[in-house]
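Q: Take a look and give me a structure for this.
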Amino acid sequence: MKSILKWLVMVGLCGLVVSWPLAARANFDDDGDHDRARDLYERGEIKGLSDLLGLVHAEAPGDIVAIDFIRAGDRWVYRFQIVSADGRRRIVDVDAGAGVLVRGRGGDR
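A: Modelled structure (predicted):
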């Protein structure tokens, strides 16, 4: 009975680990963020995510667990939630148009 219980717990944990990146991606698609970002990218108003990943990983190494696309004042911002190897969560904001880090936001959470 214990071995079956252990097996069920392991299967459940594996399911969580596999679905975590999918949940993070789904977060980006809420409220039409994906369509809005694509339209702005196609018009040349913002940088693509692939152009910014190196900058984000240099600022906060770890796994990106969520990305939000928000309007902050007069600019569009990608907000990355990152979990480092030691389990700490960081928020990194990047100006989507200029492709630079937004100062005054971020840090350990």
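Q: Which strand or helix spans His57?
A: Here His57, judged by DSSP states H and E, is contained in helix 49-59.
Q: Buried residues in that helix, which are they?
A: Leu49, Leu52, Leu55, Val56 (16 or more other C-beta atoms under 10 Å). (C-beta placed from N, C-alpha, C; glycine too.)
Q: just stretch 63-82 next, same as before
A: In stretch 63-82, counting by 16+ other C-beta under 10 Å, buried: Ile64, Ala66, Ile67, Asp68, Phe69, Trp76, Val77, Tyr78, Arg79, Phe80, Gln81, Ile82.
Q: Double-check the second one against Val83; I have them as touching.
A: No. Look at Ala66 against Val83 with C-beta atoms under 8 Å: they stay out of range, at 9.6 Å.
Q: Need the buried residues of stretch 63-82 in TSV (columns: distance to Arg89 and pLDDT).
A: Listed next are the buried residues of stretch 63-82 as TSV, based on distance: C-beta to C-beta, whole Å; pLDDT from 0 to 100:
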residue	distance to Arg89	pLDDT
Ile64	11	94
Ala66	10	94
Ile67	14	92
Asp68	14	92
Phe69	19	92
Trp76	23	95
Val77	18	95
Tyr78	16	94
Arg79	12	94
Phe80	11	94
Gln81	6	95
Ile82	7	95
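Q: Just flag the most distant two among those.
A: Trp76 and Ile82 (19.4 Å; C-beta to C-beta).
Q: ok, now how distant is the residue lying closest to Asp51 once chain neighbours are set aside from Lys47?
A: In space, and not counting its chain neighbours, Asp51 is closest to Gly99: 6.3 Å by C-beta to C-beta, 6 or more residues apart in numbering. Remark: distance between Gly99 and Lys47 (C-beta to C-beta, to the nearest Å) = 4 Å.
Q: Cool, thanks, talk later.
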